[in-house]
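Engineer: Sequence and computational prediction follow.
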Amino acid sequence: MIRFGLCCIFHDHPVKFRHINAANAAKLPEAERLCKLSSICLDNSFELEKALLTVESLEIGAFRILSQILPLYTHPQAGYKLEALPDAPEIVNNFAKIREFHEEHDIRLSFHPDQFIILASPDEQVFENSLRELEYQCMVADLTGAENVNIHMGGTYGSKADTIKRFEARFSELPESVRRHLTLENDDISYTVEDLYPLCSKLDIPLVYDVHHHRCNPDSLSIPQATELCGGLWRKLGREPYFHISSPKASWQAKNPRPHADYIDIKDFPECWLCMNFTLDVEAKAKESAIIQLREDLQQKFGIKA
DNA sequence: GCATGTCAAGTTGTG
DNA sequence: CACAACTTGACATGC
């Protein structure tokens, strides 16, 4: 069985998360700012409940929670503590309800902190900012019962080997909550499955396999080989493998195939995945609509009931 | 109202 | 050397 995952937002269904930018938040006096942030966070916690209900009704088995569910939480100026929000008890209560709901309905939750989160950066400040953001997302992961907080290795700084060594040293110093949630993913510029596998294997970090990134940034591994290595790491840890898929916006021949298309082209779906049990985040701009489409295409082309 | 420009953060590659 | 690409809609602003 393939468990499909939706990333952060919806295309057609009425689930809308709210935002605020730092400049606008900073304009407000402290008390007013916290009230405003609190109301956004509370609304977002209700929207997250709605998101899970919607996902459940569409028979989608996984959902990626947006990083900015509590907007600006770790911002150097506009940042705040959850306890400082007037609605904190209700927010925490909503997160607990979300936890109960997804556990009952077997919906897998994850986070994907964005490109600024780089544990292996040689710049101590970048590392500290990254750690602060990871601690925040892992806190929300604990409150909602989310499983994975998935990041990339980041830059190479002239040597992938040295950078991976730095990652290893930093990883061992991380708070337990961060280590428990953290997963790594191959990227489309620098780090391949081949680069990351030895590290992940050694430290028991699950490796999320993104086949689109693998095609943009290939290594010596074939798709079936990368599938087997990454899948094996997850299964060794008693967890269901977690993969990503997307199709290029223009085409594979275009000068930049990296941007994501609205839908998944069925030709991009690896055949070696057909008989596997795993979770597949569908990174397509048409969101839930792309999942529905992919499910239909798999049924039609391969007779797979996904 | 509606169109437009902006958004915290890092790194790489291109012009 | 500066800047776009990663991704992306919601919001504030200005007409």
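Structural biologist: Yep, that arrived.

Engineer: Where does the prediction get shaky in the stretch 101-250 of chain A?
Structural biologist: Judged against pLDDT under 70, the stretch 101-250 of chain A has no low-scoring part.

Engineer: At the contact with DNA strand B, which residues of it appear?
Structural biologist: Counting by C-beta under 7 Å from any atom of the strand, the residues of the stretch 101-250 of chain A lying close to DNA strand B are A:114-118, A:121-123, A:125-126, A:129, A:133, A:154-157, A:189-190. C-beta here means a position set from N, CA and C on the backbone, and glycine is covered the same way.

Engineer: Any chance of a ChimeraX selection covering the buried ones in those?
Structural biologist: Here is the ChimeraX selection string for the buried members of these, based on 16 or more other C-beta atoms under 10 Å:
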select /A:117,118,121,126,129,133,154,155,156
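
Engineer: Among the residues of the stretch 101-250 of chain A next to DNA strand B, which ones lie close to DNA strand C?
Structural biologist: Among these, the residues that sit close to DNA strand C (C-beta under 7 Å from any atom of the strand) are residue A:115.

Engineer: residue boundaries of the helices in chain A?
Structural biologist: Remark: helices assigned in chain A by DSSP state H are A:22-27, A:30-57, A:88-105, A:124-144, A:160-172, A:176-181, A:193-203, A:211-216, A:223-236, A:288-302.

Engineer: circling back to that earlier point, sitting in strands, which of the residues of the stretch 101-250 of chain A next to DNA strand B do you find?
Structural biologist: The members of these all map outside strands under DSSP state E.

Engineer: which residues sit in contact with the residue of the stretch 101-250 of chain A found nearest DNA strand C?
Structural biologist: Ranked by C-beta to the nearest atom of the strand, the top residue of the stretch 101-250 of chain A for proximity to DNA strand C is residue A:115, at 4.9 Å. Contacts for residue A:115 (C-beta atoms under 8 Å, 6 or more residues apart in numbering) come out as A:152, A:154.

Engineer: Nearest residue to the middle of chain A?
Structural biologist: The residue lying closest to the centre of chain A (C-alpha atoms, centre = their mean) is residue A:112, at 2.8 Å.

Engineer: What about that one? Give its phi and psi, please.
Structural biologist: phi -140, psi 80 (degrees, to the nearest 10).

Engineer: number of nearby residues for the closest residue in space to it that isn't next to it in sequence?
Structural biologist: Closest residue to residue A:112 apart from its sequence neighbours, by C-beta to C-beta, 6 or more residues apart in numbering: residue A:150 at 5.0 Å. Neighbourhood size, residue A:150 [other C-beta atoms under 10 Å]: 23.

Engineer: Can you verify my assumption that residue A:150 contacts residue A:187?
Structural biologist: No. Residue A:150 lies out of contact with residue A:187 (C-beta atoms under 8 Å); the separation is 11.4 Å.

Engineer: returning to what we had before: show me what the residue nearest to residue A:112 is bridged to.
Structural biologist: Using DSSP bridges, the beta-bridge partners of residue A:150 come out as residue A:183.

Engineer: which ones are touching the residue of the stretch 1-150 of chain A found nearest DNA strand C?
Structural biologist: Distances between the stretch 1-150 of chain A and DNA strand C by C-beta to the nearest atom of the strand are smallest at residue A:18, namely 3.4 Å. Residues near residue A:18 by C-beta under 8 Å, 6+ apart: A:40, A:43-44, A:47, A:71.
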